[in-house]
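Chemist: Okay, predicted coordinates and the sequence, questions at the end:
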Amino acid sequence: MKHTLAVLVENKPGVLARVSGLFSRRGFNIESLAVGITDNPEISRMTIVVSGDDRVLDQVTKQLNKLIDVIKVSDLDPDEAIDRELAMFKVKVDKGNRSEIIQIVDVFRAQIVDVGVKTLIVAVTGTGDKIDAIEKLLRNFGIVEVVRTGKISMNRGVKIVKLER
Amino acid sequence: MGKTTRMTGAKALIESLYAEKVDVIFGYPGGVLLPIYDELFDADINHILVRHEQAAAHAADGYARATGKVGVCLATSGPGATNLVTGIATAYMDSIPIVAITGQVPRSMIGNDAFQEADITGITLPITKHNYLVTDVNDLPRIIKEAFHIASTGRPGPVLIDIPKDITTDELDFEYPESVDLRGYKPTRIGHKKQIKRAAEVISKARQPVLYVGGGIIAAEATKELLELAQTIQAPVTTTLMGKGAFPDDNPLSIGMPGMHGTKYANYAIQESDVLIAVGVRFDDRVTGKIESFAPNAQVIHVDIDPAEIGKNVRVDIPIVGNAKSVLKMLSEAISEELNGKTNTAAWVEKVEKWKIQYPLYYHKDDTLKPQYIMEMINQLYPDSIIVTEVGQNQMWAAQYFKYNMPRTFISSGGLGTMGYGFPASMGVKMGRPDKVVFDISGDGSFQMNSQELATVVQNDIPVIVAIFNNGFLGMVRQWQELFFDRRYSFTCIDNSVDFVKLAEAYGALGLRVTKPEEVEPALKEAVESGRPTVIDFVVEREENVYPMVPAGAAINEILDLEVKS
């Protein structure tokens, strides 16, 4: 079972090491981790995807909360949250397949962000499934390099992950 | 804003320690600490110069355990800091409040593999409650304030502050903050009312309840509240190694220690309990044995200040997060209402009482010198002592054969099981409680791990008494080899290696040797009355074992024990 945690942390050096160290030390599995600053420059938000049963999730949440630099941990309901990942694929091109690649890019509402003589870079945002799907199609042309971010996630509607004051 | 004074970081550190009412620190100087040591030279703080930084950490820990105050140790960068690591890990596992201050190379050199540089905040990440690398001298007072606050509140633990040398010479406008503002740190104190009510209902209906209590009672200073609850519900109380002294061993409801070397009656009581009231404990494997078979019929109520402990090892029916003192008080009140002066446990208490008579702690008494007998004699002659221990057989005999009736009188490395802890810890204990007779119950193995501190206790006149149970073996491992490895004593024999009397004398301490039971009493009296640091070399029965014993991985009612000789 996978869970997506939204974690607000102090934006200080070493906090990422505290969080990632905790996972490896306690034997928890991180599937992905993405971190960035929030509207408050003192606070960063991590989106952590963790796999394990309810007991593991309970321990992960409690152990994270014990870190002094962790301010809040929320388990996001997958049915109530929007997920996004970003990926870039460097694909081999030749005269014959360029238009076919452009068609796929259009269908996925992806973007071509670099055009070279022998390669293109395709950038795509979306859920993990969508990115997996376009990767599968692009692989037919020859992918030479891939880079993907971890997932970021946000609740739909009025529900907010925020500081309690 | 109050008045500020311009001063160096080193001076600000000393001023901050005054503000935290630190009266003693255990330390060892070094290159990057020179500005701090220069300030310490005139400071109104007692500095104890140890002979190895590990001892500084253990001494700070012993001081904290004996007094309830935060212990402080100080070490230089690199090897000084890494030598603290075992002591910090020991304090972390047992939730002991210490603040470890380390020097660091100047900021401009950090990361360059400079002379005596080690990434001590990185190294201690998994063994501190929190740690700091000071990067701006203006942060220093706030960081020290936070460190003492974090170390001593919630579930206590060690906090490390790493201070680069140039921070100690930089100047700041010093003002010590009055409060801390940590949005990520708000420990729960008061238990949830509804949960307490639920627990009270379950406890009131219990026929065979057991109170299983540990170090959390001592940390929360909740011994009075525990006694009241035990008496209200008339339930037997088992105290873990960390909880020794939380409940008086002399009280008829006391059933001693649970687990691997616990009393049979404590283990039987847990296994037959219908409600297990666990307070300030963490269901350690040395207590539970085979976890699937632990307290199989019990509804489990678990009270702990740390939510992460609840449900970590066992399924819990009623979790209560909170400070043991406040939760036990509320629980007693709620139960008194439910029970209205009646109890349902008379038959159960009687049953447990019969087990106590049927299965007492037992060893063969003959004319050889037995460690258990020495503990009994210390108990008889000096019942108000503080007993500090090393780790292994000595630790278990010290736990079993001395009656602990007050908190903070049994001091031992429980979680990490650190050999070499006891002697340096006993220095901290004696510094914190100079009014008490302090024994370090030791083995010939453990003592040799930090025996260099004889120089410290002599130089600073810290009259602790080291009682070495000298059996020429690493006894506990030898016991396991005897029982589970066909008596193949692989590298556990250390006999005839050291003359401990001469060793003591070489350092200027009093050294005594005891080989017969009748010499025990005069030697103990001589040691205590001398008022000097003393080592007593008790040459004991070599292959004495600690019983009862639950083999690792067995259920706690599957117990090995001696047959009683009549």
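Modeler: Noted; the coordinates are in hand.
Chemist: how many neighbours does residue 71 have?
Modeler: No chain in the question, so chain A it is. Neighbour count of residue A:71, defined by other Cβ atoms under 10 Å in any protein chain shown: 23. For glycine as for every other residue, the C-beta is placed from the backbone atoms N, C-alpha and C.
Chemist: meant chain B, my bad for not saying
Modeler: Residue B:71 has 33 nearby residues by other Cβ under 10 Å.
Chemist: Now it: closest residue in space, sequence neighbours ignored.
Modeler: Distances taken as Cβ to Cβ, 6 or more residues apart in numbering or on different chains put residue B:60 closest to residue B:71, at 3.2 Å, once the chain neighbours are dropped.
Chemist: and chain A, what are its domains?
Modeler: Domains of chain A are assigned by automatic domain parsing as A:2-76, A:82-152.
Chemist: What is whichever strand or helix holds the residue nearest to residue B:71 packed up against?
Modeler: In the assignment (DSSP states H and E), residue B:60 maps to helix B:53-67. Taking 3 or more Cβ pairs under 8 Å, 6 or more residues apart in numbering or on different chains; DSSP states H and E as contact, the helices and strands that helix B:53-67 lies on are strand B:24-27, strand B:71-75, helix B:79-83, helix B:85-93, strand B:98-104, strand B:410-411, helix B:422-432.
Chemist: what is the mean pLDDT for whatever helix or strand comes next after the fifth one?
Modeler: To tie it back to what came earlier, the one meant is strand B:98-104. Proceeding C-terminally, strand B:98-104 gives way to helix B:120-123 as the next helix or strand, assigned by DSSP H and E. Taken as a whole, helix B:120-123 has a mean pLDDT of 97.
Chemist: to the chain's geometric centre, what's the distance from helix B:120-123?
Modeler: Offset of helix B:120-123 from its chain centre (Cα atoms, centre = their mean, to the nearest Å): 23 Å.
Chemist: Which positions within that helix qualify as buried?
Modeler: The neighbour-count check on helix B:120-123 (16 or more other Cβ atoms under 10 Å in any protein chain shown) flags B:120-121, B:123 as buried.
Chemist: Looking at those residues, spot the one nearest residue A:126.
Modeler: Closest to residue A:126 out of the buried residues of helix B:120-123 is residue B:121 (39.0 Å), distances taken as Cβ to Cβ.
Chemist: Show me what from the stretch 101-250 of chain B comes close to chain A.
Modeler: Within the stretch 101-250 of chain B, the positions adjacent to chain A are B:121-122, B:125-126, B:129-130, B:133, B:150, B:182-185 by Cβ under 8 Å from any Cβ of the partner chain.
Chemist: now with 10 Å?
Modeler: Residues of the stretch 101-250 of chain B that fall close to chain A, judged by Cβ under 10 Å from any Cβ of the partner chain: B:121-122, B:125-127, B:129-133, B:135, B:146, B:150, B:154-155, B:157, B:159, B:182-187.
Chemist: Which members of the residues you listed are classed as buried?
Modeler: Using 16+ other Cβ under 10 Å as the burial test, these include B:121, B:125, B:127, B:129-133, B:146, B:150, B:154-155, B:157, B:159, B:183-185 as buried.
Chemist: Select from those residues every entry located in strands.
Modeler: B:130-133, B:159 (DSSP state E).
Chemist: Looks like residue A:126 contacts residue A:108 (just checking).
Modeler: Yes - with contacts counted by Cβ atoms under 10 Å, residue A:126 reaches residue A:108, the gap being 7.5 Å.
Chemist: Which neighbours do those two have in common?
Modeler: Contact criterion Cβ atoms under 10 Å, 6 or more residues apart in numbering or on different chains; residues shared by residue A:126 and residue A:108: A:133-134.
Chemist: Any residues of chain B in contact with chain A? List them.
Modeler: Going by Cβ under 10 Å from any Cβ, the residues of chain B near chain A are B:121-122, B:125-127, B:129-133, B:135, B:146, B:150, B:154-155, B:157, B:159, B:182-187, B:306-312, B:315, B:321.
Chemist: if I pick residue 93, what's in contact with it?
Modeler: Chain wasn't specified; assuming chain A. Residue A:93 is in contact with A:99-102, A:112, A:115-120, A:141-142, counting by Cβ under 10 Å, 6+ apart.
Chemist: nope, chain B
Modeler: Contacts of residue B:93 by Cβ under 10 Å, 6+ apart are B:127, B:157-158, B:242, B:282, B:284, B:413-418.
Chemist: Widest-spaced pair of those residues?
Modeler: B:158 and B:284 (18.9 Å).
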